[in-house]
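Enquirer: sequence first, predicted model second:
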Amino acid sequence: MTTTRLAAATLAAAILASVPAMASAASGPQPHDPRPHQSVPAPKAGPRAMPHPLVIAHRGASGYRPEHTLAAYELAVAMGADYIEPDLVMTKDGVPVDRHEAEISGTTDVADHPEFAARKTTKMLDGVATTGWFTEDFTLAELKTLRAKERLPELRQQNTVYDGRWEVPTYEEVLQLRAELSKKYKREIGIIPEIKHSTYFKDAGLPAERAVVDLTTEYKLNKKNAPMWIQSFELSNLIELREKLGYKANLVFLTTVKGGPYDLEAKGDPRTYADLTTPESLRELRQWIDGISPEKAALIPRTATGELGQPTPLIKDAHAAGLQVATWTFRAENSFLPPAYRIGTDPADYGRMMDEVRRYYDAGVDSVFCDNPDLCVEARKDFLAEQG
């Protein structure tokens, strides 16, 4: 047995030993019975085939509305997005709600509520001291008294006119909206929730995974070909979802160029995301996951001057292992673009984001996360037209 294979088997055994036994049998493939390794097909989801590459609305149309609001998702679908992405954190009473982080001062008006002033605190969030207000210190009813606000007001001043208009949605409310939008637009809308800070919430006694699977099942998306992916920067919970919690739809492992999964770090496992995305490791991970989602720089690194360089082998390696490849995040403001794609000098002005997206379409990605889904849809039209 190779070192990587042994490490993967050891990791799986350690993770599963720490997960309470469930009455139902594991729905996914077992570690000793990996899925065939083959070239990745074009994505299929639900009864109606989706375009390829897929356009995922990153936290909704967050370039135009405060992120993670029902309004941001509605606008994204109207713009042509194929999938909507909620990030899931937990309330004090065990409800999955839709915020980017457990700490919510940057995306809600919680600091303006004197009744919650005493709840401001400092906690270790994935090993980092973080000060603010945390969802696990609020019941759902209390969170519903807050209103969403723009996270990047210095770059997206136009979005601030919507501050205070919308609540913090629950995962169930986003699932309901997905179904309603699919009917309204007469096309299947996918959903790709990210379970945030899994280890952190488990340590707080508020694991998200069971609640997420139960709701996914209730809304008839817990099946192999559903337009449904669960994503995580941690690995343990993805294996748990597949092996112990009866999850049958798609899983995607999120990665960054630097660092590694916090769940492994907490267990003393030194492996990084780079270690976990070697060709051999990707073949092992295929036992549990259906795709990877590296940050853009892992696929096309920036040069010393900040321009896009040449693609790495990671897309080809993942496809050879039978895995889909998504990447994140495309944003239209100059501040986020390579110098060659900027227009003018104002960091908040829009640059040539569509040209940046095209580089990744040309490199072979299967999905893109976009704050401006309309621009990714337009870039895809050009790309597909050129493909004939």
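Expert: Received, thanks.
Enquirer: give me the number of residues near Gln387?
Expert: Neighbourhood size, Gln387 [other C-beta atoms under 10 Å]: 8. For every residue, glycine as well, the C-beta is placed using N, CA and C.
Enquirer: for it, what are its contacts?
Expert: With C-beta atoms under 8 Å, 6 or more residues apart in numbering as the criterion, no residue contacts Gln387.
Enquirer: how near is it to Ala318?
Expert: According to C-beta to C-beta, to the nearest Å, Gln387 and Ala318 sit 20 Å apart.
Enquirer: repeat that for Glu333.
Expert: 29 Å.
Enquirer: neighbour-wise, which of these two wins?
Expert: Ala318 (26 against 20).
Enquirer: you'd agree that one is up against Thr312?
Expert: No: under the criterion of C-beta atoms under 8 Å, Ala318 makes no contact with Thr312, lying 10.7 Å away.
Enquirer: quick one: the helices in the stretch 51-200 of the chain?
Expert: With DSSP state H, counting those that start in this stretch, the ranges of helices along the stretch 51-200 of the chain come out as 70-78, 140-143, 171-185, 198-203.
Enquirer: go through the longest one and flag the buried ones.
Expert: By that I understand helix 171-185. 171-175, 177-178, 181-182 (16 or more other C-beta atoms under 10 Å).
Enquirer: then the second one?
Expert: Judged by neighbour count (16+ other C-beta under 10 Å), helix 140-143 contains these buried residues: 140, 142-143.
Enquirer: and for the last one?
Expert: Residues of helix 198-203 classed as buried by neighbour count (16+ other C-beta under 10 Å): 198-202.
Enquirer: residues contacting the residue nearest to the spatial centre of the chain?
Expert: The centroid of the chain falls nearest to Glu194 when counting by C-alpha atoms, centre = their mean (4.4 Å). Shown in contact with Glu194 (C-beta under 8 Å, 6+ apart): 85-88, 230-233, 254.
Enquirer: what bridges to it?
Expert: Per DSSP bridges, the residues bridged to Glu194 are Asp87, Gln231.
Enquirer: what's the spacing between stretch 118-129 and its chain's center?
Expert: 23 Å (C-alpha atoms, centre = their mean, to the nearest Å).
Enquirer: from the opening residue of it to its closing one, how far?
Expert: 18 Å (C-alpha to C-alpha, to the nearest Å).
Enquirer: residues in contact with it?
Expert: Contacts for stretch 118-129 (C-beta under 8 Å, 6+ apart): 101-103, 111, 130-134, 137-138, 197, 199-200, 262, 265-266.
Enquirer: for that stretch, list every residue counted as buried.
Expert: Quick answer for stretch 118-129 (16+ other C-beta under 10 Å): 123, 125-126.
Enquirer: and for Pro270, the neighbour number?
Expert: 9.
Enquirer: quick revisit: can I get the contacts of Glu194 in a markdown table with distance to Phe116?
Expert: Below are the contacts of Glu194 laid out as a markdown table (distance: C-beta to C-beta, whole Å):
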| residue | distance to Phe116 |
| --- | --- |
| Glu85 | 27 |
| Pro86 | 23 |
| Asp87 | 21 |
| Leu88 | 21 |
| Ile230 | 30 |
| Gln231 | 30 |
| Ser232 | 29 |
| Phe233 | 28 |
| Leu254 | 31 |
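Enquirer: just the buried residues of these.
Expert: Using 16+ other C-beta under 10 Å, the buried members of the contacts of Glu194 are 85-88, 230-233, 254.
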